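>>> Predicted coordinates and the sequence they were generated for:
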Amino acid sequence: MEGIMHFFQHTGFAGTTPGNLLMIFVGLLFIWLAIRFEYEPLLLLPIGFGILLGNIPLPWQPGLQIGVQEEGSVMNLLYMGVLKGIFPPLIFLGIGAMTDFSPLISNPKLILLGAAAQLGIFLTYIGAITLGFGNLDSAAIGIIGGADGPTAIFLSSRLAPHLIGAITIAAYIYMALIPVIQPPVMRLLTTEKERKIRMKPPRSVSRKEKVLFPVIGVLLTGFIAPASLPLLGMFFLGNLLRESMVTARLADTARNALIDVVSIILGVTIGASAQATTFLTRNSLQIFILGAGAFVISTAGGVLFAKMMNLVLPEGSKVNPLIGAAGVSAVPNSAQVAHREGLKADPTNHLIMHAMAPNVAGVIGSALAAGIMLGYLL
């Protein structure tokens with residue numbers, strides 16, 4: 001019996017708490033959503049699995065070093081890529097190599113929609129301060145409104161590393177739920193007539209314009225917010241690798257092998273850091289509530305700004321307000337939602353190419369907002 005009890009004390013069952021079981025349920029829920037509904041499966045599935053790993057109680061034993069929070073363990077070393085802000089720039093490199101800026105270059109005024117959709121960042125920042133969070137914590141929480149997981153990780157790793165798990169998981173959950181969150185807001189703020197607005201087809205963009213755009217983009221954003229360069233510098237580099245047509249191998253590696261490897265490690269370690277003892281707190285609940293509000297406000301900001309633009313745009317050049325919601329920088333989910341809502345109003349009205357313009361502008365806008373906050377607050 002003594003041997004059996006000794007064995008039991010070294011199993012995960014001995015230290016299991018109700019909090020561990022609740023978090024394991026959350027991890028299983030993430031995995032189910034990823035497989036059953038394909039909600040951001042490339043992220044939710046590894047995060048969900050990581051939550052399972054992080055909430056299996058580990059026996060305390062000197063030198064064991066297997067937990068994500070135990071200094072020197074393998075999981076802890078991998079987690080350093082999150083805490084030190086290494087993974088987000090690598091993901092931005094891959095996203096840049098995937099991105100086609102043609103819709104934005106052909107209709108540059110749509111970049112304003114990407115900027116307007118960042119409204120949720122700054123209003124959530126104010127809301128977090130109102131709830132009693134510190135200045136740095138509030139800025140990190142506010143970036144959830146940008147609907148950009150890597151940017152949320154990057155900023156929170158610098159300003160609020162103790163909240164990085166809750167902020168990141170909130171950002172990715174709401175990104176996955178964009179098809180659920182955005183449509184009611186879009187329908188509430190637009191009329192049937194507005195949802196049927198047809199936009200001019202995007203003009204053809206030359207290779208020269210595509211090559212110049214990332215060069216001009218990095219110089220402009222770099223001088224405006226130097227602190228955004230780790231993200232936007234890699235983002236525009238990835239795009240230049242794609243558009244230059246002379247580095248096809250590098251572009252292919254960035255948008256496939258590299259981003260896939262980083263996404264797996266990032267998801268698993270972020271999930272493993274969401275342990276019951278640190279995650280099930282009042283602060284985490286408040287962060288989730290603020291995050292939901294941030295997504296709603298950002299969606300509304302893009303849609304309402306598109307309606308304002310239509311007040312001054314001539315007939316024939318008006319913008320379908322639905323694409324304003326695509327300024328929320330969850331690429332390409334928010335653009336696809338705008339496209340589907342447009343098809344519901346008019347099955348022959350295809351908005352996907354138009355929606356991609358504010359969508360990629362939103363990526364730039366959220367990273368720029370993070371850089372401004374980082375440079376101003378630190």
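The structure has been received and is ready for your questions.

>>> got the CA coordinates for the helix or strand containing Gly19 in CSV?
Using DSSP states H and E, Gly19 maps to helix 18-36. Coordinates of the C-alpha atoms in helix 18-36 are reproduced here as CSV (Å, rounded to 0.1, in the frame of the first residue of the first chain):
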residue,chain,number,x,y,z
PRO,A,18,-11.7,21.8,-10.0
GLY,A,19,-9.8,24.7,-11.8
ASN,A,20,-7.7,22.2,-13.7
LEU,A,21,-10.8,20.3,-14.8
LEU,A,22,-12.5,23.5,-15.9
MET,A,23,-9.5,24.5,-18.0
ILE,A,24,-9.2,21.0,-19.5
PHE,A,25,-12.9,21.4,-20.5
VAL,A,26,-12.0,24.8,-22.1
GLY,A,27,-9.1,23.1,-24.0
LEU,A,28,-11.4,20.4,-25.3
LEU,A,29,-13.9,23.0,-26.3
PHE,A,30,-11.2,24.8,-28.4
ILE,A,31,-10.3,21.6,-30.1
TRP,A,32,-14.0,20.8,-30.8
LEU,A,33,-14.6,24.3,-32.2
ALA,A,34,-11.5,24.0,-34.4
ILE,A,35,-12.5,20.6,-35.8
ARG,A,36,-16.3,20.8,-35.9
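
>>> any residues touching it, and which ones?
For helix 18-36, the external contacting residues (C-beta atoms under 8 Å, 6 or more residues apart in numbering) are 39-41, 44-45, 47-52, 54-57, 176, 271, 274-277, 279-280. Backbone N, C-alpha and C define where each C-beta goes, glycine included.

>>> ok, 7 Å please
39, 41, 44-45, 47-49, 51-52, 55, 57, 176, 271, 274, 276-277, 279-280 (C-beta atoms under 7 Å, 6 or more residues apart in numbering).

>>> heading toward the C-terminus, what's the first helix or strand past that helix?
Counting by DSSP H and E, what follows helix 18-36 is helix 41-54.

>>> List the buried residues of that following helix.
Counting neighbours by 16 or more other C-beta atoms under 10 Å, one finds that the buried residues in helix 41-54 are 41, 43-54.

>>> what comes up buried for the helix holding Gly19?
Asn20, Met23, Ile24, Val26, Gly27, Phe30, Ile31, Leu33, Ala34.

>>> Please apply the same query to stretch 242-252.
Arg242, Glu243, Leu250, Ala251.

>>> Tell me which two of these sit farthest apart.
Greatest spatial distance in the buried residues of stretch 242-252: Glu243 and Leu250, 12.2 Å, computed using C-beta to C-beta.

>>> in this structure, which spans are strands?
For the chain, applying DSSP state E gives no strands.

>>> biggest helix in it by residues?
helix 282-312 (DSSP state H).

>>> What mean pLDDT does that helix get?
Here helix 282-312 scores 93 as its mean pLDDT.

>>> and what of stretch 94-114?
Here stretch 94-114 scores 94 as its mean pLDDT.

>>> buried stuff in it?
Those would be 94-99, 101-107, 110-114, for stretch 94-114 by 16+ other C-beta under 10 Å.

>>> got the CA positions of it in PDB?
Extracted C-alpha coordinates of stretch 94-114, given in PDB (Å, rounded to 0.1, in the frame of the first residue of the first chain):
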ATOM      1  CA  GLY A  94       4.900  34.900 -43.300                       C
ATOM      2  CA  ILE A  95       1.700  37.000 -43.500                       C
ATOM      3  CA  GLY A  96       3.600  39.600 -45.600                       C
ATOM      4  CA  ALA A  97       4.600  36.800 -48.000                       C
ATOM      5  CA  MET A  98       1.000  35.700 -48.300                       C
ATOM      6  CA  THR A  99      -0.500  39.200 -48.800                       C
ATOM      7  CA  ASP A 100      -1.500  40.800 -52.100                       C
ATOM      8  CA  PHE A 101      -1.700  44.500 -51.700                       C
ATOM      9  CA  SER A 102      -3.300  45.000 -55.200                       C
ATOM     10  CA  PRO A 103      -6.800  45.900 -53.900                       C
ATOM     11  CA  LEU A 104      -5.400  48.500 -51.500                       C
ATOM     12  CA  ILE A 105      -3.000  50.000 -54.100                       C
ATOM     13  CA  SER A 106      -5.800  50.200 -56.600                       C
ATOM     14  CA  ASN A 107      -8.100  52.000 -54.200                       C
ATOM     15  CA  PRO A 108      -5.900  53.700 -51.600                       C
ATOM     16  CA  LYS A 109      -8.800  55.600 -49.900                       C
ATOM     17  CA  LEU A 110      -9.900  52.300 -48.300                       C
ATOM     18  CA  ILE A 111      -6.800  52.500 -46.000                       C
ATOM     19  CA  LEU A 112      -9.000  54.900 -44.000                       C
ATOM     20  CA  LEU A 113     -11.400  52.100 -43.200                       C
ATOM     21  CA  GLY A 114      -8.500  50.000 -41.800                       C
END
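
>>> who's in contact with that stretch?
202-203, 205, 209-210, 213, 234-239, 241-242, 251, 254-255, 258-259, 302, 305-306, 323-324, 327, 331, 353-354, 356-358, 360-365.

>>> In ChimeraX, how would I select the buried members of those residues?
One line in ChimeraX is enough to select the buried ones among these; burial here means 16+ other C-beta under 10 Å:
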select :202,205,210,213,234,235,236,237,238,239,241,242,251,254,255,258,259,302,305,306,323,324,327,331,353,354,356,357,358,360,361,362,363,364,365
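
>>> hey, where'd the helices end up in the stretch 1-150 of the chain?
For the stretch 1-150 of the chain, applying DSSP state H, counting those that start in this stretch gives helices covering 2-9, 18-36, 41-54, 74-83, 87-98, 102-106, 111-116, 119-130, 135-142, 149-159.
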